[in-house]
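> Generate coordinates for the sequence data below:
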Amino acid sequence: MHTTRKTHRFGLLTPSSNTTQEPEFTAALPPGTPAFTKTRFSSITPEVQSALASLHRGTVLVIGIEAHVCVLQTTLDLLAGGRQVF
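Residues are numbered from 1 along each chain as shown. All right, here's what the predicted structure looks like:
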């Protein structure tokens, strides 16, 4: 799964449209990969929590651009939820 961010709220980092990532990134994902719109620093929303729970996995790989904010907040939320984060 991956999240997209609302650029009007967090600032524009890519030349993409309002809620999409770079086409090269999304093209590399397996077909049917769920996408969630990110509206805060952490990607862990109730919708993402439900999707993670349905996978029945305790390990999550977090990749992002802003390590000091978004990656950190997402990682802290995952750790608080008992997940192992890489």
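
> can you pull the contacts of residue 83?
52, 58, 59, 60 (CB atoms under 8 Å, 6 or more residues apart in numbering). Where you see a C-beta, it was placed from the backbone N, CA and C, and this is true even at glycine.

> Please repeat the previous calculation with a cut-off of 7 Å.
By CB atoms under 7 Å, 6 or more residues apart in numbering, the contact list for residue 83 reads 58, 59, 60.

> So the first one sits against residue 85, correct?
Translated: residue 58. No: assessed by CB atoms under 7 Å, residue 58 is found out of contact with residue 85, at 9.9 Å.

> next one: phi and psi at residue 37?
phi -80, psi 130 (degrees, to the nearest 10).

> ugh, wrong one, residue 62
Here is the backbone geometry of residue 62 (degrees, to the nearest 10): phi -110, psi 130.

> so it touches residue 72, yeah?
No: counting by CB under 7 Å, residue 62 stays clear of residue 72, with 9.4 Å between them.

> mind checking which helix or strand of this protein has the lowest mean pLDDT?
Within the chain, no helix or strand scores below helix 7-10, which has a mean of 45 by mean pLDDT, DSSP states H and E.

> Where do the strands of this structure begin and end?
Using DSSP state E, the strands of the chain run over 2-5, 35-38, 59-60, 84-85.
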